[in-house]
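Undergrad: Sharing a sequence plus its predicted fold:
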Amino acid sequence: MKLKPLDIIIIIILIIIALGSSAIPFINSNKNYNNKYVEIELKGKLYKRLPLDNNINEKIVVESDLGKNIVEISNGKVRIIDSDCPDKICIQDGAISTPGSMLVCLPHKLVVQIKGENEEADELSF
């Protein structure tokens, strides 16, 4: 099968789109944040908010009628270290440390998210 000129153009456009979309996670990775903090939400409501820095080492037990999770905050990273959910995907996700990252335990309706306040205003702020 021989490729036609239009086929080659379409392939090139698809490659450019794929490369461009794979660069999106790196665009926000170089931003600096004044204050980073962890928000733990249970059933869509704020359960706990804690500052995230290298000095905090804490284990938070989150219990509800749906189950129990243990969230560990240490060395500027957050991870779920134990859960009694059936699949334990939330444990396998590992640690997160950048604003915008999140851990989710769907059976327990638990969301752990890192948020931050930007040092400088960007072009999207206005």
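TA: Received, thanks. These numbers come from a predicted model, not from an experiment.
Undergrad: can I assume residue 99 is in contact with residue 115?
TA: Yes. Applying C-beta atoms under 8 Å, one finds residue 99 in contact with residue 115, separated by 5.6 Å. (Each C-beta comes from the backbone N, C-alpha and C, glycine too.)
Undergrad: what residues are shared contacts of these two?
TA: residue 36 (C-beta atoms under 8 Å, 6 or more residues apart in numbering).
Undergrad: so where is the chain shaky, pLDDT-wise?
TA: 24-32, 118-126 (pLDDT under 70).
Undergrad: If we use 90, what do you get?
TA: 1-5, 18-36, 51-57, 75-76, 97-100, 116-126 (pLDDT under 90).
Undergrad: got a list of what the residue nearest the centre of it touches?
TA: Geometric centre of the chain, nearest residue: residue 101, 1.6 Å, by C-alpha atoms, centre = their mean. Going by C-beta under 8 Å, 6+ apart, residue 101 touches 113, 114.
Undergrad: need the strands for this protein, in chain order.
TA: Per DSSP state E, the chain carries strands over the ranges 33-42, 45-51, 58-64, 67-74, 77-83, 102-105, 110-118.
Undergrad: Show residues contacting the fifth one.
TA: Counting contacts by C-beta under 8 Å, 6+ apart, the residues outside strand 77-83 that touch it are 38, 52, 59, 67-72, 90-91, 93-97, 103, 105, 108, 110, 112, 114.
Undergrad: who touches the top helix by length along the chain?
TA: For the chain, the helix with the greatest residue count under DSSP state H is helix 5-22. Residues from elsewhere that reach helix 5-22, judged by C-beta under 8 Å, 6+ apart: residue 3.
Undergrad: out of everything not next to it in sequence, what's closest to residue 35?
TA: Setting aside the residues directly before and after it, residue 35 is nearest to residue 117 in space (C-beta to C-beta, 6 or more residues apart in numbering), at 4.8 Å.
Undergrad: which residues touch the one you found?
TA: Under the criterion of C-beta under 8 Å, 6+ apart, the neighbours of residue 117 are 33, 34, 35.
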